[in-house]
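Enquirer: Pasting the sequence and the predicted model now:
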Amino acid sequence: MELDPQNSLSAIQAAIDQARVLIVTYSFSVIGAILLLVVGFLAARLVERWVYAGLRQVSGFDMTLRRFFSKIARYMVLGLVIVMVLGQFGIQTASMIAAIGAVGLAIGLALQGTLQNIAAGIMLLALRPLRIGEYVEVGSISGTVEEIGLFATRLRSADGIYLLAPNSTLWTQPVKNFTRNGARRNDITVTIDNADDFDEIQATLTALAVNSPYVKETPAPDTFIAELGETTMSVTLRYWTTVPDFLSAKIELNKSVRKALNVKE
């Protein structure tokens, strides 16, 4: 079957006319979409900087939270820009937003534990029950805080072991912070015979604490009978130190008390 040259030319002309119509119809949409993308990306970057700068003026607001909220603001602007760009081409954005919401809900349910860690991380950074450099104990976890992230907190144990604890674990349990108050109390208890001169022992123990360079003057060291038995009594030396001097004071006074009272193992 031979092709009719006249029909072929007519078909080519129709295709060209249709392409011309499409170009005219969508050219403005394409140009508008490009402009929206350029302006949207610039606006998103500016909004991110404004949010970060604004939160920086808030006293005590954590740097990690500033970055987190500024990034969220940027992505919200970018999401709005993408919806506007799709609207330029006549796409029904309402149904697309509903679909995205459904997908987001499904992802949120699948990542429920992760989202709990993020929420707990935000609360830890906002309320600050623990800070970097502080020694804390939370349940069975204890160590010096090295980094507080949005998902997990990194700690270093007293014997140098690396610890990574989920934020939800740290948030849902009582936090014992050994560093926050700046001062710590310690008790040294020894057992002596009831026949021993308590006044002399009391003066000796108190003098050891007073003369120690690690012990605070206020509150003043104190020595008292903690427990009284039939033939022996427990005598306690109580003193306060700064947090950095706690271990040094404990080691020094344990040694001094043992030597002064001739305590045997």
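Expert: Now that the structure is in, tell me what you want to look at.
Enquirer: Pick out the residue closest to the middle of the chain.
Expert: residue 148 (3.3 Å; CA atoms, centre = their mean).
Enquirer: So which residues of the stretch 1-150 of the chain form strands?
Expert: 135-138, 141-148 (DSSP state E, counting those that start in this stretch).
Enquirer: circling back to that earlier point, show me what contacts the residue nearest to the centre of the chain?
Expert: Taking CB atoms under 8 Å, 6 or more residues apart in numbering, we find residue 148 in contact with 62, 64, 121, 124, 125, 130, 131, 132, 167. (C-beta placed from N, C-alpha, C; glycine too.)
Enquirer: would you list every one of the helices in the stretch 1-150 of the chain?
Expert: All helices of the stretch 1-150 of the chain, identified by DSSP state H, counting those that start in this stretch, fall at 5-56, 63-88, 93-110, 112-127.
Enquirer: Which of those comes out lowest on mean pLDDT?
Expert: Here the lowest mean pLDDT among the helices of the stretch 1-150 of the chain goes to helix 93-110, at a mean of 64.
Enquirer: dump the residue contacts of residue 164.
Expert: Here residue 164 is in contact with 152, 153, 154, 155 (CB under 8 Å, 6+ apart).
Enquirer: out of those residues, what pair is the most spread apart?
Expert: 152 and 155 (9.9 Å; CB to CB).
Enquirer: what is in contact with those two at once?
Expert: Joint contacts of residue 152 and residue 155 (CB under 8 Å, 6+ apart) are 164, 165.
Enquirer: Settle it for me: which of those two has more neighbours?
Expert: Neighbour count, other CB atoms under 10 Å: between residue 152 and residue 155, residue 155 has more, with 24 against 19.
Enquirer: The more buried one and residue 233, how far apart?
Expert: 41 Å (CB to CB, to the nearest Å).
Enquirer: With residue 62 instead?
Expert: Taken as CB to CB, the span from residue 62 to residue 233 is 51 Å.
Enquirer: Ok, residue 213 next?
Expert: Counting by CB to CB, the gap from residue 213 to residue 233 is 30 Å.
Enquirer: between these two, who's got more neighbours?
Expert: Counting neighbours by other CB under 10 Å for residue 213 and for residue 233 shows that residue 233 has the greater number, 18 against 8.
Enquirer: partners of that one in the sheet?
Expert: residue 192, residue 228 (DSSP bridges).
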